[in-house]
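Colleague: what follows is a predicted protein model with its sequence.
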Amino acid sequence: MSQPENTTRKPTLYLFPVPLSEGAPASVLPAGNIEIIRNVKYFVVENLRSARRFLKACDRSIDINELHFTELSEHTPVQDVAAMLQPMAEGHDIGVISEAGCPAVADPGADLVAVAQQRGLEVCPLVGPSSILMSLMGSGFNGQSFAFNGYLPVDSAARTARLKELERRIRREHQTQIFIETPYRNNRLIEELARVLPQDLRLCVASDITGPRQSIVTLPIAKWRNRKYDYNKIPTIFLLG
């Protein structure tokens, strides 16, 4: 006679995506995400203030004072990360919340997930908006081979060298190249791309994705040189192809 399965539920590390722009979470997140959020009491967050605001936007009945928060940012010492999983050892679920988009993708939450995987803990990524994937979807560029490069170097010479390397990857491998910039430097970056890169290369500028000012425009560099635009201080992602 077969033994009954062990149905004891394991504590889970949930990765909660958050909206990329202002607006109701229900407009971009599945109802199932919000239902899970209501039952989680321990959170590891990139920014405490924005995490609290996100949770209240999900369900105003959530009592923030009953929740436990730990901050994990790019400035958190690596040796402090493992201790953030202690609630799971005590039988509690933990939710990870980034400032925008998907936790652990271009996000310090990746360090926590790495420790959880090393320990054999249950990790559950949930459905939600990713600026990297959504900009790629709307760009018209190669979605079979692509690379996210984060921020380009600040030094002008180093940045030009990196852009030339990205161009070589596009020519050699037909690989879409994706990167970001600090929002107040967006316009300056487009000017630089138009000056440094070959005129036939295509640039996609994807701005305020899922937001009221959403704009995804792909044009040859030659046309960006004379185009009027203003992406100042608007969350934007850039793609070359």
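Modeller: Yep, it's here. Given the structure is predicted, the values throughout are model-derived calculations rather than measurements.
Colleague: quick one: the helices in the chain, in order.
Modeller: Along the chain, the segments classed as helices by DSSP state H run 31-37, 48-58, 86-89, 109-118, 131-139, 156-173, 186-196, 221-226.
Colleague: between the ones you listed, which one is nearest to Glu71?
Modeller: Distance to Glu71, taken as CB to CB, is lowest for helix 48-58 among the helices of the chain, at 5.6 Å. C-beta: built from backbone N, CA, C; applies to glycine.
Colleague: how about low-confidence regions in the protein?
Modeller: Scanning the chain for pLDDT under 70 picks out 1-7.
Colleague: burial count for Arg195?
Modeller: By other CB atoms under 10 Å, the residues close to Arg195 number 10.
Colleague: give me the distance between it and Ile180.
Modeller: From Arg195 across to Ile180, the span is 19 Å (CB to CB, to the nearest Å).
Colleague: follow-up on the earlier one: okay, the helices of the chain, which one's buried deepest?
Modeller: helix 131-139 (a mean of 20; mean count of other CB atoms under 10 Å).
Colleague: for that helix, packing partners?
Modeller: With contacts defined as 3 or more CB pairs under 8 Å, 6 or more residues apart in numbering; DSSP states H and E, helix 131-139 has these neighbours: strand 176-180, strand 202-207, strand 215-220, strand 236-240.
Colleague: let's see it at 10 Å
Modeller: strand 146-151, strand 176-180, strand 202-207, strand 215-220, strand 236-240 (3 or more CB pairs under 10 Å, 6 or more residues apart in numbering; DSSP states H and E).
Colleague: take those and lay them out in CSV including distance to Leu121 and mean neighbour count.
Modeller: Shown next, in CSV, are those (distance: least, CB to CB, whole Å; neighbours: other CB atoms under 10 Å):
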stretch, distance to Leu121, mean neighbour count
strand 146-151, 26, 14
strand 176-180, 30, 22
strand 202-207, 34, 22
strand 215-220, 37, 15
strand 236-240, 31, 24
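Colleague: want to throw these into TSV with distance to Pro87?
Modeller: Below are those laid out as TSV (distance: least, CB to CB, whole Å):
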stretch	distance to Pro87
strand 146-151	30
strand 176-180	32
strand 202-207	37
strand 215-220	40
strand 236-240	34
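Colleague: for Arg188, find the nearest of those.
Modeller: Here strand 236-240 is closest among those (CB to CB), at 12.0 Å.
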